[in-house]
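Engineer: Structure of the sequence below:
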Amino acid sequence: MYILKNAVKNIGRNKGRNILMAVIIFAIILATAVSIIINTTTAAIIKDYKARFGAEVTISYDFDKATSNTQYTALTPEQQVAFGESEYLQNKILNGSMQITFEDLRALDDDKEGLKMGGSLGTDGSVNSDSPETVKILGQIVASNQSDISDDFKKELRKIISGNVYSAKDECIVSEQFAKLNNLSVGDTIVVKSYYKNKPMPQTLKISGIYSDNTMTEGNIPSMYKMIPSAASNRNNEILVSFDTAMAMELASEPNIFTVNATYYLKDPGMLKDFQNELTKKGLPDIYKVTTDEAGYNKVVGPVEGLTKITNTFLIAVLLLGSVILILLSTLAIRERKYEIGVLRAMGMKKGKVALGLLSEMIVITALCAILGLGVGSVVSQPVANSMLSNQIELAENNQSSGGALVATPIGGNTNEQKPLSELEVNLNINAVIQIILISLALAGLSSIVGILYITKYEPMKILSERN
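Structural biologist: Predicted structure coming up:
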């Protein structure tokens, strides 16, 4: 306690020197606080953005490689599912559909001409006229592996009004209009069949829920329905199931009936080559190319990552320069205090206590500077972050290559254009406070190290003899 009290008194006795030291330490802590506050905020944002905006991968037919002798080979649903089982992926979205007819059920608009398949598509894209005879299509199975089902449910064009979303195999949900037309309720079963007349492949599904459907209201009517009003194009006839349920159906095993749209999201755009090599090993034909929207990903995440790099560089520069200045000031200060240290040592005070006294002085000064630096830094960091982020966004936009909109798509299938952050809401969290306190303590120790080394190196008489 005596050492601490004496340290406080010494600070008052040497106001000029200590004020200068405090100004330097405050400047360093302020710059450190601003950098760390921005860094901890951007780290959380980058983590969140990477979770929502994984680098989207596109697998498409490479027409540049195609020749007149190249035979088109469509990817099977099994292949697309297998491609999604990869350590390089952050997420995968699997959506599928298959056109069907019903057994002992009516469909909305089934009195219209409708769509009747006259043949099936062969692997070369031509119509196979030798395929089984077909009947009129009355609806379709729509499958998804998304927990929120689809954008229609996100936008509240569709909403569960009775029962629950399918949770078990062979469960489905149907529209309110379809349920009323057929007097169906939750718990009932329906039978869906293929449009092949002699190969129906019936599948029994249990209704777990009924949803209100506004996808056929004015302003939302599909263009296909406007061109060809029919049961097949009326979205109220869609039967929604889980992707696993659809894959297990016999219908899905029939070529060209089950159409799958797979979207993959890499953990990082840099993993594209490894992912492509993995797909090749899994059987992806050479005629397909694998690409990622790295530019769109970087447009959203890039400015924030650039801001982090700048603040890290700034922090390192401040700490290095500040440390050099503190050592120089400490060297000058210790020369002024040679006699004081020599007298204390001559009076019998041990080296450890003298060193602890010097350290205590710097801890008190640094603590006051840290409190003030945290307060000022939390206020100053907001405009600093906004200004730096604005510059990063402008730089990113100037560096964008021409040729289409470069945007990132959130995982989940929402296709709304996503723009980079125009404003960064920084905050002082507990992690930032801990880091700033640790750096402040390191600065206090660094400021005292010259005096401590001086005390350790010289004996009292040597110190006193060098006074002049």
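
Engineer: Quick one: residues contacting the closest residue in space to residue 359 that isn't next to it in sequence.
Structural biologist: Nearest-residue entry for residue 359: residue 448, 4.5 Å, with adjacent residues in sequence omitted and distances by C-beta to C-beta, 6 or more residues apart in numbering. Where you see a C-beta, it was placed from the backbone N, CA and C, and this is true even at glycine. With contact taken as C-beta atoms under 8 Å, 6 or more residues apart in numbering, residue 448 is in contact with 330, 355, 358-359, 361-362.

Engineer: Now render the residues you listed as a markdown table, adding pLDDT and neighbour count.
Structural biologist: A markdown table is the format used below for these (pLDDT from 0 to 100; neighbours: other C-beta atoms under 10 Å):
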| residue | pLDDT | neighbour count |
| --- | --- | --- |
| 330 | 77 | 22 |
| 355 | 73 | 19 |
| 358 | 75 | 26 |
| 359 | 78 | 19 |
| 361 | 78 | 25 |
| 362 | 81 | 26 |
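
Engineer: of all the residues you listed, which two lie farthest apart?
Structural biologist: The span of those, defined through C-beta to C-beta, is set by 330 and 355 at 12.9 Å.

Engineer: Run through the neighbouring helices and strands of the longest helix along the chain.
Structural biologist: For the chain, the helix with the greatest residue count under DSSP state H is helix 351-398. In terms of contact count using 3 or more C-beta pairs under 8 Å, 6 or more residues apart in numbering; DSSP states H and E, helix 351-398 is assigned the packing partners helix 2-13, helix 15-52, helix 294-336, helix 338-346, helix 430-457.

Engineer: Quick one: work out the angle between the longest one and helix 430-457.
Structural biologist: Relative orientation of helix 294-336 versus helix 430-457 (axes from the mean of the first three to the mean of the last three C-alpha atoms, to 10 degrees): 30 degrees.

Engineer: So what's the gap between helix 294-336 and the chain middle?
Structural biologist: 26 Å (C-alpha atoms, centre = their mean, to the nearest Å).

Engineer: And that helix, what does it pack against?
Structural biologist: Identification of packing neighbours for helix 294-336 by 3+ C-beta pairs under 8 Å, 6+ apart yields helix 15-52, strand 55-61, helix 351-398, helix 430-457.

Engineer: now the second one, how far from the chain's geometric center?
Structural biologist: What that stands for is strand 55-61. Relative to its parent chain, strand 55-61 has a centroid offset of 18 Å by C-alpha atoms, centre = their mean.

Engineer: likewise the longest one?
Structural biologist: Chain-centre distance of helix 351-398: 29 Å, with C-alpha atoms, centre = their mean.

Engineer: and if you look at the first one?
Structural biologist: Averaging C-alpha coordinates over helix 15-52 and over its chain gives two centres that are 25 Å apart (C-alpha atoms, centre = their mean).

Engineer: For that helix, what does the pLDDT average out to?
Structural biologist: When the per-residue pLDDT values of helix 15-52 are averaged, the result is 79.

Engineer: Next, the buried residues of it.
Structural biologist: Of the residues in helix 15-52, those buried by neighbour count under the rule 16 or more other C-beta atoms under 10 Å are 18, 21-22, 24-26, 28-42, 45, 49-50, 52.

Engineer: that older thread, kindly calculate the angle that the longest helix of the chain makes with helix 430-457.
Structural biologist: When the same axes, to 10 degrees is applied, the directions of helix 351-398 and helix 430-457 differ by 140 degrees.

Engineer: From residue 61, how far off is residue 73?
Structural biologist: When C-beta to C-beta, to the nearest Å is the yardstick, residue 73 and residue 61 sit 9 Å from each other.

Engineer: overlap in contacts of those two?
Structural biologist: Taking C-beta under 8 Å, 6+ apart as the contact definition, residue 73 and residue 61 share the neighbouring residues residue 287.

Engineer: Looking at those two now, which is surrounded by more residues?
Structural biologist: When residue 73 and residue 61 are compared on other C-beta atoms under 10 Å, the one with more neighbours turns out to be residue 61, at 16 against 13.

Engineer: partner residues bridging that one?
Structural biologist: With DSSP bridges applied, residue 61 shows beta-bridge pairing to residue 288.

Engineer: One more: residue 142?
Structural biologist: The residues that residue 142 bridges to, once DSSP bridges is applied, are residue 97, residue 240.

Engineer: heads up, I number from 448, so please use that
Structural biologist: With the count now opening at 448, the last piece we talked about shows up as residue 589.

Engineer: if I look at it, how far off is residue 628?
Structural biologist: For residue 589, the distance to residue 628 under the criterion C-beta to C-beta works out to 18 Å.

Engineer: Kindly report the domain assignment for this protein.
Structural biologist: The chain breaks down into these domains under automatic domain parsing: 449-501+745-912, 518-733.

Engineer: Looking at those, spot the one closest to residue 512.
Structural biologist: Taking C-beta to C-beta as the criterion, residue 512 comes closest to domain 518-733 out of the domains of the chain, the separation being 7.0 Å.

Engineer: returning to that earlier point: can I get the helices and strands packed on helix 741-783 in CSV with distance to residue 767?
Structural biologist: Conversion of the helices and strands packed on helix 741-783 to CSV gives the following (distance: least, C-beta to C-beta, whole Å):
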stretch, distance to residue 767
helix 462-499, 10
strand 502-508, 35
helix 798-845, 18
helix 877-904, 11
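
Engineer: so can I have a markdown table of the helices and strands packed on helix 798-845 showing distance to residue 825?
Structural biologist: Formatted as a markdown table, the helices and strands packed on helix 798-845 follow (distance: least, C-beta to C-beta, whole Å):
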| stretch | distance to residue 825 |
| --- | --- |
| helix 449-460 | 26 |
| helix 462-499 | 6 |
| helix 741-783 | 15 |
| helix 785-793 | 38 |
| helix 877-904 | 9 |
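
Engineer: Can you tell me which of those helices is nearest to residue 550?
Structural biologist: Proximity to residue 550, assessed across the helices and strands packed on helix 798-845 by C-beta to C-beta, is greatest for helix 462-499 (42.4 Å).
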